[in-house]
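Visitor: Output the structure for:
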Amino acid sequence: MQAIFRSWPYRRLLVLVSFVALVCAVVQPGVRTEAQDASPDAAVAEEAVAPAATLAAARGTIRTPQQVEAAEAALGPVPRAAVVKPFRPTMSDAEYKAAKAAAATSTPSSGGRPDVGAPAEPLGPPPLILTNINGVSQQGLIPPDTHGAVGASHFVEITNSHLDVYTKSTAPSLVRTQTLASFFGYTAQTIFDPRAVYDPIWKRWVIYAEAFPQSATDQRLLVAVSTTSSATGSFFIYNFDINIFNNDDFWDYGQVGFDQDAVIFTANIFGNAGLKGARLFAVAKARLYNGLGFSVPVFSGLFSTLAPPIVLDQNGRTFLVAAPPNSNTIRKYTLTNSSRPNLTALALSNITVPAYSVPRDAFQAAPCSTTTSQRLDTLDGRFLNASTQIGDRLFQVHTINFGGFPTPKFYEFNTTSNTVVQSGFFFAAGDSDDFNASIAANAARDVYVTWSATRRSTNTNAQVRFSGRRNFDPANVIAAGSSLFTSPTCITGNFDPRFGTQRWGDYSAVTVDPSNSFRAWLVNEKINSSSAWGSRIAQVGY
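Guide: Here you go, the predicted structure:
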């Protein structure tokens with residue numbers, strides 16, 4: 001046999017096959033080899049990022065609705081007096097105060113924002129409001145961190161610090177309600193920064209939250225995964241220490257996304273000396289969804305705040321993005337082999353965008369517009385929520401300064417060329433303050449957005465708003481949309497002494513219905529009284 005491999009006819013055959021393969025690679029249009037993509041002439045330069053540590057977690061434990069109900073009865077009602085959770089900016093406190101002060105002194109454009117140009121043809125924002133109901137009212141912490149997702153048969157709302165489940169019927173009914181402490185079975189420390197996502201392929205719910213540190217070496221991360229597609233049944237509960245370096249690290253502003261094979265977790269990390277950047281880890285769905293233990297690499301020192309995506313296809317590359325404050329560069333991380341701990345890789349590249357800066361805080365209606373202490377915090381220009389990833393496209397939004405006004409700006413990125421396909425601002429009116437925005441898209445690239453808006457000139461208190469765009473609408477434009485709810489008063493009792501403003505957000509959520517991609521569900525903050533937040537849930541569509 002070895003003689004055959006050494007024979008001249010066989011060697012000639014190998015040469016011929018190699019030549020044919022080379023010709024095919026050259027003549028096929030649009031095909032790039034791995035060597036070409038890795039060459040210095042490749043269109044996108046990437047910098048590899050090595051993992052910093054390993055995170056291990058034991059098997060999840062089953063928690064039944066009966067156990068949750070028993071815990072809820074034992075804990076009793078949540079105290080009405082709420083605690084203000086200070087905002088942690090991605091710069092020093094002094095820099096954040098200076099950036100906000102500079103934004104506040106910028107001169108607004110006469111009569112409102114600059115003219116962004118009228119579209120050449122009518123827009124098609126979601127015209128249907130199919131559900132519009134009150135969500136949970138103030139429970140535990142300020143702000144509410146309103147978040148949620150729509151699944152096969154339920155809408156889940158999660159806030160600080162509560163979990164509420166509604167049916168998707170024409171008149172939604174509340175079918176599950178409990179504190180996060182009862183739901184997770186954890187009472188040692190206060191739970192905060194909750195998120196909820198639904199995986200329409202595996203038909204599983206992922207509920208996430210953090211707890212304040214138990215000690216300088218122990219902070220608990222809490223993850224629940226449903227055992228079925230129902231949000232009212234049993235969940236696997238994971239409760240593990242995320243302070244992997246045992247050095248007073250504080251895991252903050254966690255976010256959750258997923259691709260075909262893994263669930264992805266990110267957060268900002270703070271230490272005694274301030275911000276340490278973001279961290280990331282991914283867990284294979286095959287393990288997480290079956291309640292199995294896991295051991296995965298953790299990537300550290302990344303750009304904050306790092307938003308994972310909700311991936312709608314089978315792309316083997318997962319794209320995460322961060323918007324540093326006062327920049328002209330979006331940082332993009334490419335995650336590969338997310339479900340294989342021994343092969344998981346991360347690479348950094350850049351997307352250039354027009355320069356942006358931190359927005360000023362939002363005015364409330366008179367008389368609450370007169371003092372700085374009654375303005376609403378619009379944060380630091382970060383991406384608040386998960387992106388939507390479809391093929392080589394990624395959709396995101398953040399609030400930045402535009403003509404002296406806090407204004408959401410959306411992007412559609414091309415992740416292959418690291419370019420902006422389209423982008424644009426959206427807002428309620430020329431002189432409104434608009435902020436706390438989230439975005440989602442369906443597989444056809446139709447877009448849905450929700451955000452908060454106030455308007456001092458018309459004495460309009462905080463609104464819950466929504467809008468969107470069809471894939472065939474004129475590029476770069478999302479219309480002013482509609483108000484789902486206008487708060488009856490301004491808020492003055494949610495004061496953050498760290499920065500001297502009223503707390504708001506810290507995020508909202510909009511998700512596409514897996515049963516009908518022309519429908520989306522959203523949740524956002526509203527005001528119930530001068531010292532109490534509320535929430536509003538809506539189903540909108542085309």
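
Visitor: So what would you say the end-to-end distance of stretch 497-516 is?
Guide: Distance between the two ends of stretch 497-516: 44 Å, counting by Cα to Cα, to the nearest Å.

Visitor: Contact partners for F265?
Guide: Contacts of F265 were listed using Cβ atoms under 8 Å, 6 or more residues apart in numbering, and they are Y208, L221, V223, G254, Q255, V256, L280, F281, A282, V283, P308. Every C-beta, even on glycine, is put in place using the N, C-alpha and C of the backbone.

Visitor: The second one - nearest residue in space that isn't next to it in sequence?
Guide: I take that to be L221. Leaving aside its chain neighbours, L221 sits nearest to I242 (4.2 Å; criterion: Cβ to Cβ, 6 or more residues apart in numbering).

Visitor: Quick check, that neighbour in contact with W251.
Guide: Yes - assessed by Cβ atoms under 8 Å, I242 is found in contact with W251 at 4.8 Å.

Visitor: shared neighbours, the two?
Guide: Shared contacts of I242 and W251, defined by Cβ under 8 Å, 6+ apart, are found at E210, Q219, L221.

Visitor: for the protein, where's the lowest mean pLDDT among helices and strands?
Guide: Least confident helix or strand, the chain: helix 34-38 with a mean of 31, by mean pLDDT, DSSP states H and E.

Visitor: rewinding a little: nearest to Q67, of the contacts of F265?
Guide: Nearest to Q67 out of the contacts of F265 is V223 (Cβ to Cβ; 17.0 Å).

Visitor: just checking, the closest one is part of a strand?
Guide: Yes - using DSSP: H, G, I helix; E, B strand; the rest coil, the assignment for V223 is a strand.

Visitor: Let me see the contact set for the nearest residue in space to it that is not next to it in sequence.
Guide: In this structure, V223 finds its nearest non-sequential neighbour in Y238, 4.2 Å apart by Cβ to Cβ, 6+ apart. Shown in contact with Y238 (Cβ under 8 Å, 6+ apart): A57, G60, L221, L222, V223, A224, V225, L288.

Visitor: can I assume the fifth one is in contact with A211?
Guide: It stands for V223. No - between V223 and A211 there is no contact under Cβ under 8 Å: 11.8 Å.

Visitor: wait, G505 sits on L384?
Guide: Yes - G505 is within contact range of L384, at 7.1 Å (criterion: Cβ under 8 Å).

Visitor: shared neighbours, those two?
Guide: By Cβ under 8 Å, 6+ apart, the residues touching both G505 and L384 are N436.

Visitor: Between the two, point out the one with more neighbours.
Guide: Counted by other Cβ atoms under 10 Å, G505 and L384 do not tie: L384 has more neighbours, with 28 against 22.

Visitor: So the more buried one sits against V510, correct?
Guide: No - the criterion here is Cβ under 8 Å, and L384 misses it with V510 at 11.1 Å.

Visitor: what do the two both touch?
Guide: Shared contacts of L384 and V510, defined by Cβ under 8 Å, 6+ apart, are found at S438.

Visitor: so what's the spatially most central residue of the chain up against?
Guide: The centroid of the chain falls nearest to N385 when counting by Cα atoms, centre = their mean (1.5 Å). Listed by Cβ under 8 Å, 6+ apart, the contact partners of N385 are H147, Q255, A307, S438, I439, Y507, S508, A509.

Visitor: By neighbour count, which of these wins?
Guide: Highest count within the contacts of N385 by other Cβ under 10 Å belongs to H147, 31 neighbours.

Visitor: if I look at that one, how far off is A171?
Guide: 23 Å (Cβ to Cβ, to the nearest Å).

Visitor: picking up where we left off before, so between I242 and W251, which is more surrounded?
Guide: Applying other Cβ under 10 Å to I242 and W251 shows that I242 carries more neighbours, namely 24 against 21.

Visitor: what's the pLDDT at that one?
Guide: pLDDT recorded at I242 is 97.

Visitor: what residues are up against it?
Guide: L55, E210, Q219, R220, L221, W251.

Visitor: So what pairs up with I264 in the strands?
Guide: Listed by DSSP bridges, the beta-bridge partners for I264 are G257, A282.

Visitor: What is the burial count for it?
Guide: 23.

Visitor: ok, it touching G254?
Guide: No - with contacts counted by Cβ under 8 Å, I264 stays clear of G254, the gap being 10.9 Å.

Visitor: The nearest residue to T90 once chain neighbours are set aside: how many residues sit nearby?
Guide: Ranked by Cβ to Cβ, 6+ apart and with sequence neighbours excluded, the top spatial neighbour of T90 is S304, at 4.7 Å. When neighbours are counted by other Cβ under 10 Å, S304 registers 28.

Visitor: Next one: S304, what pLDDT does it get?
Guide: Note for S304: predicted pLDDT of 95.

Visitor: again, but for L292
Guide: Looking at L292, its pLDDT reads 98.

Visitor: so what's it up against?
Guide: R59, G60, A286.

Visitor: One more: G60?
Guide: Contact analysis of G60 by Cβ under 8 Å, 6+ apart lists V223, V225, F236, I237, Y238, L288, G291, L292.

Visitor: For the third one, which residues count as its bridge partners?
Guide: Think F236. F236 has these beta-bridge partners by DSSP bridges: I62, V225.

Visitor: Secondary structure of P126: a helix, I assume?
Guide: No - using three-state DSSP, the assignment for P126 is coil, not a helix.

Visitor: okay, now it: neighbour count?
Guide: Other residues lying near P126 total 26 when counted by other Cβ under 10 Å.

Visitor: okay but it is in contact with R465, surely?
Guide: No - counting by Cβ under 8 Å, R465 is not a contact partner of P126; they are 11.5 Å apart.

Visitor: overlap in contacts of these two?
Guide: The contact sets of P126 and R465 overlap at G481 (Cβ under 8 Å, 6+ apart).

Visitor: before we move on, back to that, buried among the shared contacts of I242 and W251? Need that as a selection in ChimeraX.
Guide: Buried members of those, defined by 16 or more other Cβ atoms under 10 Å, are picked up in ChimeraX with:
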select :210,219,221
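
Visitor: Name the nearest of the shared contacts of I242 and W251 relative to T407.
Guide: Using Cβ to Cβ, E210 comes nearest to T407 of the shared contacts of I242 and W251, at 29.7 Å.

Visitor: How about the secondary structure of the closest residue to that closest one other than its chain neighbours?
Guide: Excluding the flanking residues, the one nearest E210 by Cβ to Cβ, 6+ apart is D193, at 5.0 Å. Three-state call for D193 (three-state DSSP): strand.

Visitor: Look up how far F184 lies from the residue nearest to the centre of the chain.
Guide: Distance from N385 to F184, by Cβ to Cβ: 22 Å.

Visitor: I'd say D248 and N272 touch.
Guide: Yes - in this structure, D248 is within contact of N272 by Cβ under 8 Å, at 5.5 Å.

Visitor: For the chain, give me the ranges with low pLDDT.
Guide: Applying pLDDT under 70 to the chain flags the ranges 1-44, 77-81, 109-111, 115-124.

Visitor: Helices of that one, start to end?
Guide: Applying DSSP state H to the chain gives helices spanning 2-6, 8-27, 34-38, 65-75, 93-105, 180-184, 285-288.

Visitor: ok, what's across the strand from L376?
Guide: A362, Q502.
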